[in-house]
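> Sequence below, structure please.
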Amino acid sequence: MRKLSPSNIISISDLNKNQILEILDLSLKIKKKEVQFDLKHKVLGLIFDKSSTRTRISFHVAMTRLNGTTIDIDPKNSQIGRGEPIKDTARVLSRYIDAVAIRTYDQKSLEEYAKWSSIPILNALTDLEHPCQILADLLTIKEEFGKFENTIVTYLGDGNNISNSLILGCAILGIQINIGCPNDFKPDSGIIEKALSLSDNKDLVKITNNPQDAVRGANVIYTDTWASMGQESKTKESENLFKDFSVDRHLIKEASNDHIILHCLPAYRGKEITDEIIESKSSRVFDQAENRLHVQQAILAKVLS
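Sure, this is the predicted structure:
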């Protein structure tokens with residue numbers, strides 16, 4: 001197994017196509033119990049400024065299954081909360097532990113940790129990106145279709161951290177991605193520019209405010225909450241603007257017959273997705289959630305073995 005180099009994953013674009021495919025292949029082997037790793041005496045630190053269920057638990061369990069240890073570093077109960085500079089915290093942690101997964105607001109904070117740390121820094125979610133989630137999503141797609149060629153992914157919803165990392169991940173792998181959203185909720189223009197720079201196909205990313213056009217012919221329909229974490233005050237506004245983008249039985253009629261449904265959870269059933277669809281035979285939502293565990297084991301094995 002080749003060690004991941006460089007070992008930081010701040011953006012999914014820190015990985016090239018071969019590295020992503022290697023992580024996915026290793027994730028499948030781990031999931032099938034074909035390989036094992038022993039990270040005894042290795043310690044993963046978790047710094048979470050935002051609430052979490054799947055990310056926190058999957059990192060904990062992943063490290064445990066690799067025979068390593070996880071320590072929660074609560075910003076409120078540490079000197080981080082008092083305002084200690086990141087450059088001081090990063091250098092101290094580098095002498096205590098072996099890697100840090102950080103869930104916070106500003107992407108620049110992770111970049112600052114990476115600048116001053118001598119250990120791997122992993123993005124466990126920022127307002128800009130959520131790369132570990134998207135790697136699990138790509139694993140779910142690969143399990144379903146066996147390949148990425150001729151696969152169309154449609155994302156319906158806010159141009160948030162999920163859509164940003166999904167766009168970049170699809171660009172790296174050469175996957176056609178359609179984005180369906182209201183005009184004022186398009187993905188970050190810098191992300192689109194970066195995605196296009198990562199692909200020879202300049203038509204790889206298509207953005208439309210027509211949900212039917214976005215879904216037409218799609219193999220994967222992906223949605224997320226209409227108001228991202230920390231932006232719940234915009235919920236009422238979002239519900240009015242996004243109501244036509246709800247993934248329901250009528251909208252999915254436009255998709256390919258072999259389509260699957262993805263949602264990174266938590267889901268607000270009856271809003272961005274109906275209860276009927278999330279529980280349908282096309283739903284892979286809970287496989288997708290499980291795959292967070294296997295992908296994070298693969299990432300940790302590749303940066304710490």
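
> in the stretch 101-250 of the chain, which segments are predicted with low confidence?
Along the stretch 101-250 of the chain, the model assigns pLDDT under 70 to residues 228-237.

> let's go with 90 and repeat that
200, 202, 227-240 (pLDDT under 90).

> Show me the helices in it, by range?
107-116, 131-145, 161-173, 189-197, 211-215, 235-242 (DSSP state H, counting those that start in this stretch).

> could you measure Leu44 against Pro75, distance?
Counting by C-beta to C-beta, to the nearest Å, the gap from Leu44 to Pro75 is 16 Å. (Glycine included, C-beta is placed from N, CA and C.)

> of those two, who's got more company?
Leu44 (27 against 15; other C-beta atoms under 10 Å).

> circling back to that earlier point, I'd like the helices of the stretch 101-250 of the chain as CSV, with mean neighbour count and distance to Ser280 appended.
Formatted as CSV, these follow (neighbours: other C-beta atoms under 10 Å; distance: least, C-beta to C-beta, whole Å):
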stretch, mean neighbour count, distance to Ser280
helix 107-116, 18, 35
helix 131-145, 24, 14
helix 161-173, 26, 21
helix 189-197, 15, 30
helix 211-215, 19, 15
helix 235-242, 15, 20
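
> Can you tell me which of these is nearest to Ser94?
helix 107-116 (7.9 Å; C-beta to C-beta).

> Check which helices and strands that closest one sits against.
With contacts taken as 3 or more C-beta pairs under 8 Å, 6 or more residues apart in numbering; DSSP states H and E, helix 107-116 sits against helix 86-93, strand 99-103, strand 121-123.

> Name the surrounding residues that touch the first one.
Residues from elsewhere that reach helix 86-93 (C-beta atoms under 8 Å, 6 or more residues apart in numbering): 45, 73, 79-80, 100, 109, 112-113, 115-119.

> mind checking how far Gly190 is from Gly45?
From Gly190 to Gly45 the distance is 29 Å (C-beta to C-beta).

> Please read the previous query as pertaining to Ile20.
25 Å.

> repeat for Ile152
39 Å.
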